[in-house]
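Trainee: Can you look at this prediction? I've put the sequence above it.
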Amino acid sequence: MQWLELSIDTLSTGIDAVAAALTAGGFADLVLEDQQEFEEFLDQNRAYWDYIDEDLQSRLQGLSRIKLYIEQDDTAALERLKALLETLKARPDAGTLGTLALTVTSLEQTDWEESWKENYPPQAVGEHLVVLPYWLADTDTQGRLPVILDPGLTFGTGAHPSTQMVMEAMEAMLPQGGSCLDLGSGSGILSIAALRLGAASAIGVDIDPKAEDIARENAAYNGFRSPEFTAYTGNVTADRRLMAQLQSRQYDLVLVNIVADVIISLAPVLPQLLGCESTLICSGILDSRLQDVTAALQAAGLTVTAVRAKEDWRCVTAKRRTT
């Protein structure tokens, strides 16, 4: 089946009104792209990342747009849409609605429900691991240890340099039968990798309540359940009850793959989770923030033992100072 993508240019001031008119006119399943909403989202959540896709930001600059899709031979729907847009242009508030210019693009025939999976091939990481989407779980891994995920659920698919560096560091530093604590666990990828590499147990903690269920689901794809893998929701720096629960033991390996500002805020509590022989691995750090992070770790009583680099990202390994 052939499809047409219909794109309507509007403004932030009018995108909701145009969408409402389209819905009332019988056009459903609208895709709204609003630059102002995107910028507001960034401002509200800026503490949780250091890197923003500048290409995406530039493409959205000053743009508000609505997209919808119809079958290519549905000429009646296309004419109905054109007539609706002309009606909107004649409204007294048309100046707030934007140009309402219509762009029609013919899309190649494809299997929409399955084509997105092509973006998630097996991803070899380090010397021993390979990240697989769940639909390739039976793939021959050629001796590599499989980390099986649903990549459509949340951040953490193994493709990002910060995640890869943590997994590579774990291969060298995780003791067999050891324990792992993953702060900012997301999809659970690092906890699962630790278990694949021989950890006896792994705990994943994330501030997003959706991540807890997602991490458990991904762990189950790999055959791991409680007590091997445990997931919690909470903010370690603010939730005293959770922190007390985590502090009831020390971990051979503590992972923090988030962003610089969050690592810095966590730094004072990290030594309380580490034993004398334990290792801390922090990643998600842009090179421009490396000095800030290492200074915070050192001020908290930790000694930086190594720094890995991949593209613009840095991964820091540290241990608790004993003297």
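Mentor: Sure thing, it's come through. Predicted model, so just to flag it, every value in this text is computed and none were measured.
Trainee: Return the list of helices and strands in contact with the helix or strand hosting Leu297.
Mentor: Following DSSP states H and E, the helix or strand that holds Leu297 is helix 290-299. Packing contacts for helix 290-299, counted by 3 or more Cβ pairs under 8 Å, 6 or more residues apart in numbering; DSSP states H and E, involve helix 260-266, strand 274-286, strand 302-310, strand 313-320. (Each C-beta comes from the backbone N, C-alpha and C, glycine too.)
Trainee: Just the CA trace of the last one, in CSV.
Mentor: What follows is strand 313-320, C-alpha atoms only, in CSV (Å, rounded to 0.1, in the frame of the first residue of the first chain):
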residue,chain,number,x,y,z
TRP,A,313,32.6,11.2,26.1
ARG,A,314,34.7,10.2,29.1
CYS,A,315,34.4,7.3,31.6
VAL,A,316,36.0,7.6,35.0
THR,A,317,37.1,4.7,37.3
ALA,A,318,37.7,5.4,41.0
LYS,A,319,38.2,3.8,44.3
ARG,A,320,37.6,4.8,47.9
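Trainee: Strand 274-286 and that strand, what's the angle between them?
Mentor: Here strand 313-320 runs at an angle of 160 degrees relative to strand 274-286 (axes from the mean of the first three to the mean of the last three Cα atoms, to 10 degrees).
Trainee: mean confidence for strand 313-320?
Mentor: Taken as a whole, strand 313-320 has a mean pLDDT of 96.
Trainee: which residues sit against that strand?
Mentor: 160-162, 165-166, 169, 173, 271, 274-276, 278-287, 290, 293-294, 297, 301-309 (Cβ atoms under 8 Å, 6 or more residues apart in numbering).
Trainee: And the residues you listed, which of them are buried?
Mentor: By neighbour count, with 16 or more other Cβ atoms under 10 Å, the contacts of strand 313-320 hold 160-162, 165-166, 169, 173, 271, 274, 278-286, 290, 293-294, 297, 301-302, 304, 307-308 as buried.
Trainee: looking at this structure, which helix or strand does the model trust least?
Mentor: helix 54-60 (a mean of 51; mean pLDDT, DSSP states H and E).
Trainee: that older thread, list just the one of the helices and strands packed on helix 290-299 that sits closest to Val254.
Mentor: Shortest separation from Val254 across these is recorded for strand 274-286, at 4.9 Å, computed as Cβ to Cβ.
Trainee: and the closest one, what's its mean pLDDT?
Mentor: For strand 274-286, the mean per-residue pLDDT is 94.
Trainee: and if you look at stretch 11-18?
Mentor: 89.
Trainee: Okay, buried residues for that stretch please.
Mentor: 11-12, 14-15, 17-18.
Trainee: Among the residues you listed, which are located in helices?
Mentor: Using DSSP state H, the subset of these located in helices is 15, 17-18.
Trainee: any idea which of those is closest to Asp239?
Mentor: Relative to Asp239, the closest of these is Ile15; by Cβ to Cβ it sits at 38.1 Å.
Trainee: how close does the residue nearest to the closest one when sequence neighbours are not counted sit to Thr23?
Mentor: Spatial nearest neighbour of Ile15, excluding adjacent residues (Cβ to Cβ, 6 or more residues apart in numbering): Ser64 at 4.6 Å. Distance of Ser64 to Thr23, computed by Cβ to Cβ, to the nearest Å: 16 Å.
Trainee: what packs against the strand or helix carrying Lys67?
Mentor: Element membership of Lys67 [criterion: DSSP H and E] is strand 64-71. In this structure, strand 64-71 makes packing contacts with strand 3-10, helix 15-24, strand 31-34, helix 75-89, judged by 3+ Cβ pairs under 8 Å, 6+ apart.
Trainee: tell me, how many neighbours does the residue nearest to Ile15 end up with?
Mentor: Residues within reach of Ser64, counting by other Cβ atoms under 10 Å, total 24.
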